[in-house]
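Q: Give me the fold of what follows.
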Amino acid sequence: MAYLSLLLLGLLTWAIFIYNRLVRDRNRVFQAWSDIAVQLKRRRDLVPKLVDAVRAYADYERSTIEVITRLRGEAEQLDHPEEIAQVERDLGIRLRKLLAVAEAYPDLKASDQFLTLLRQLSEVEDHIQFARRYYNGSVRNLNVRIDSFPDLLVARPFGFVAAEFFELEDPQEKEPPEIA
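A: Numbering: from 1, shown residues only. Below you'll find the model as predicted:
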């Protein structure tokens with residue numbers, strides 16, 4: 001009887017230990033996503049300033065500017081990482097297109113305001129990349145734990161689910177915007 005009690009106590013202790021590690025890893029994923037969200041908001045906050053700077057020089061690129069403005073608004077309304085990732089990928093592609101348009105305007109490229117915005121955007125893109133890397137590492141750790149024996153014996157009954165990676169689909173997105 002004493003052995004059975006010790007065995008049950010050992011199993012309970014093991015389950016508590018595993019559960020606590022799963023909770024820790026899940027919270028790391030939430031915290032890492034929060035870091036990405038902060039950086040994405042910083043990027044979205046730069047968008048209107050960048051659009052205004054380019055608009056003054058490249059009024060004929062109105063369609064690009066309108067799409068960027070629409071995507072920025074969409075990104076602010078979304079809650080799920082997968083949806084946000086898709087809109088942010090599209091926004092990044094359009095921002096690169098806007099910066100390419102700016103290359104055709106020497107006066108714009110020489111503007112202190114524009115150069116400052118480009119530097120800030122480059123810095124934010126670097127922070128997004130670092131935050132994305134940490135987030136994906138946290139997701140990997142959680143997902144491995146959820147799918148690994150013996151942790152899955154605790155994870156599945158308590159409803160732990162795999163998290164989604166924040167992935168790049170556009171190879172150009174790996175490169176930060178160039179500063180003129």
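
Q: The residue nearest the centre of the chain: what's its closest spatial neighbour, skipping adjacent residues?
A: When C-alpha atoms, centre = their mean is applied to the chain, the residue found nearest the centroid is Ile36 (4.2 Å). Excluding its sequence neighbours, the residue lying closest to Ile36 (C-beta to C-beta, 6 or more residues apart in numbering) is Ala131, at 4.5 Å. C-beta coordinates here come from the backbone N, C-alpha and C atoms, glycine included.

Q: which SSE is the one you found in?
A: helix 112-147 (DSSP states H and E).

Q: Mind giving me the packing neighbours of that helix?
A: helix 2-55, helix 81-102, helix 152-155 (3 or more C-beta pairs under 8 Å, 6 or more residues apart in numbering; DSSP states H and E).

Q: so what's Pro71 closest to, chain neighbours aside?
A: One correction, residue 71 is Leu, not Pro. The nearest residue in space to Leu71 (C-beta to C-beta, 6+ apart) is Leu91, at 4.4 Å.

Q: ok now the helix holding Ala131, how far from the chain's centre?
A: 6 Å (C-alpha atoms, centre = their mean, to the nearest Å).

Q: got the angle for that helix vs helix 2-55?
A: Orientation of helix 112-147 against helix 2-55 (axes from the mean of the first three to the mean of the last three C-alpha atoms, to 10 degrees) gives an angle of 160 degrees.

Q: Thanks a lot, catch you later.
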